[in-house]
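Trainee: no sequence on this one, just coordinates:
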């Protein structure tokens, strides 16, 4: 077995091991939203304990509870029944709790099986070996089809919709996760789309410069630099989404990137590579004297299309949602998405124009040769 094969097998084995061990239990199916207009916040656990950590993940769609103590803690369901149990022996769900099934989706519309009975003794089923569990909780979400009355009356202002609480049960006695649910007015998406449109048109216009001229070669260098910046922005947004989903550590981040955001990550990395190639003199002739300009333009066009689609359009909901699924300010996310779309769509347009001009020039040379 040659060294390259050994390295590939080692890398594959490492990735598989990380994927198998990195992610904490999501007791129910993943349906992370692309954004929300409701901000869910955890204000604390009472009584406080250093062994318990609670936070909001997935733009407020889930709660995450980590118990590093020596005794298990139970999450209480909607009818006062034990719902989840998390502790040193892992994570368990009560198959007789209605919450086990209602919390599989944000909508809470799962049909309850016949075995459900909140008054019956719990039947625990292990779902993970770790000390962390994530779940949708209807008490911390707004599930009505329309906004609350106070929001309808003044939609351009923040409103505290309600304080919420999720009861817990531990050996020392009852506990409670407390938090707030707040309406946050969404941004004006029109402004952001105008910025994207004008920016993409401006970048695409550089494709009108003659590719073989000095301005055209400089334009390709600048276009490559911008595309690389757009790819970097795409990678940052992708990492932010994985981080907001609760991933921690190298293994957790890698698992999230490979399982949930692989296309966006690959598009961003591809744009960085294509941009670097275009901006580092790749338009010079090859060893046999053949021009490489058309090859570079094609790669730039392909990379621009991919990053605009998989990392730009896929995250464009941030233009219309006040709480995007990232762990930093919403405005910073929108700026990054604008950069992705401007760089991707602009690079695509410019490269297509350059390819079209190159094709016409080649056709003219062929016609002149025949004459």
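Mentor: Cool, the structure landed. Bear in mind that the values here come from a model prediction, so they are computed numbers and not experimental data. Numbering: from 1, shown residues only.
Trainee: so, low pLDDT: which residues of the stretch 201-350 of the chain?
Mentor: 281-294 (pLDDT under 70).
Trainee: mind doing that once more with 50?
Mentor: 283, 286, 288-291 (pLDDT under 50).
Trainee: pull the number of nearby residues for residue 143.
Mentor: By other Cβ atoms under 10 Å, the residues close to residue 143 number 10. No exception for glycine: its C-beta is placed from N, CA and C like everyone else's.
Trainee: please, where are all the strands along the stretch 101-250 of the chain?
Mentor: 124-128, 132-135, 159-170, 173-183 (DSSP state E, counting those that start in this stretch).
Trainee: which ones are touching the nearest residue to residue 350 once chain neighbours are set aside?
Mentor: Among residues not flanking residue 350 along the chain, residue 207 sits closest, at 3.4 Å (Cβ to Cβ, 6 or more residues apart in numbering). Residue 207 sits next to 219, 349-354, 357 when contact means Cβ atoms under 8 Å, 6 or more residues apart in numbering.
Trainee: now the residue nearest to residue 155 when sequence neighbours are not counted. Its backbone dihedrals?
Mentor: Among residues not flanking residue 155 along the chain, residue 185 sits closest, at 6.3 Å (Cβ to Cβ, 6+ apart). For residue 185, the backbone dihedrals (degrees, to the nearest 10) come out as phi -60, psi 130.
Trainee: measure residue 185 to residue 308 for me?
Mentor: Distance of residue 185 to residue 308, computed by Cβ to Cβ, to the nearest Å: 28 Å.
Trainee: ok, those two, which is more surrounded?
Mentor: Higher neighbour count among residue 185 and residue 308: residue 308, with 27 against 14, using other Cβ under 10 Å.
Trainee: assumed the more buried one was part of a strand.
Mentor: No: counting by DSSP: H, G, I helix; E, B strand; the rest coil, residue 308 is located in no strand; its state is helix.
Trainee: in which helix or strand would I find the closest residue to it other than its chain neighbours?
Mentor: Closest residue to residue 308 apart from its sequence neighbours, by Cβ to Cβ, 6+ apart: residue 344 at 2.9 Å. For residue 344, the host element (DSSP states H and E) is helix 330-370.
Trainee: which strands and helices sit next to that helix?
Mentor: helix 189-204, helix 214-244, helix 262-279, helix 293-307 (3 or more Cβ pairs under 8 Å, 6 or more residues apart in numbering; DSSP states H and E).
Trainee: do you know which of these lies nearest residue 172?
Mentor: helix 214-244 (32.3 Å; Cβ to Cβ).
Trainee: list the buried residues in that closest one.
Mentor: 216-217, 219-221, 223-244 (16 or more other Cβ atoms under 10 Å).
Trainee: got it, and stretch 81-94?
Mentor: 81-87, 90-94.
Trainee: same question for stretch 256-267.
Mentor: 256-257, 260-261, 264-267.
Trainee: closest one of the contacts of residue 207 to residue 118?
Mentor: residue 349 (58.5 Å).
Trainee: give the contact list for the closest residue to the closest one other than its chain neighbours.
Mentor: Excluding the flanking residues, the one nearest residue 349 by Cβ to Cβ, 6+ apart is residue 204, at 3.0 Å. Contacts for residue 204 (Cβ under 8 Å, 6+ apart) come out as 345-346, 348-350, 353.
Trainee: likewise residue 333?
Mentor: Counting by Cβ under 8 Å, 6+ apart, the residues that residue 333 touches are 237, 240, 315, 318, 324, 326.
Trainee: so how far is residue 280 from the third one?
Mentor: What that stands for is residue 315. Residue 315 is 28 Å from residue 280, by Cβ to Cβ.
Trainee: next: the fifth one.
Mentor: According to Cβ to Cβ, residue 324 stands 34 Å off from residue 280.
Trainee: which of those two has more residues huddled nearby?
Mentor: residue 324 (28 against 12).
Trainee: pretty sure the more buried one contacts residue 332?
Mentor: No: Residue 324 is beyond contact range of residue 332, at 9.6 Å (criterion: Cβ atoms under 8 Å).
Trainee: what about residue 189, how many residues close to it?
Mentor: Quick note: residue 189 (other Cβ under 10 Å) scores 15 neighbours.
Trainee: who's in contact with the residue nearest the centre of the chain?
Mentor: With distances taken as Cα atoms, centre = their mean, residue 241 lies nearest the centre of the chain, 3.1 Å away. Residues in contact with residue 241, defined by Cβ under 8 Å, 6+ apart, are 260-261, 264, 315, 325-326.
Trainee: swap the cut-off to 6 Å and go again
Mentor: 261, 325 (Cβ atoms under 6 Å, 6 or more residues apart in numbering).
Trainee: now it: how far from residue 34?
Mentor: Counting by Cβ to Cβ - residue 241 and residue 34 are separated by 9 Å.
Trainee: what do you get for residue 81?
Mentor: Residue 81 is 33 Å from residue 34, by Cβ to Cβ.
Trainee: separation between residue 74 and residue 83?
Mentor: Residue 74 is 7 Å from residue 83, by Cβ to Cβ.
Trainee: counting neighbours, what do you get for the residue nearest to residue 159 when sequence neighbours are not counted?
Mentor: Distances taken as Cβ to Cβ, 6+ apart place residue 183 nearest to residue 159, at 4.4 Å, with adjacent residues excluded. For residue 183, the neighbour count with other Cβ under 10 Å is 22.
Trainee: surely residue 183 touches residue 157?
Mentor: No: counting by Cβ atoms under 6 Å, residue 157 is not a contact partner of residue 183; they are 8.4 Å apart.
Trainee: identify the contacts common to the two.
Mentor: Contacts common to residue 183 and residue 157, judged by Cβ under 6 Å, 6+ apart, are absent.
Trainee: cool, thanks, signing off.
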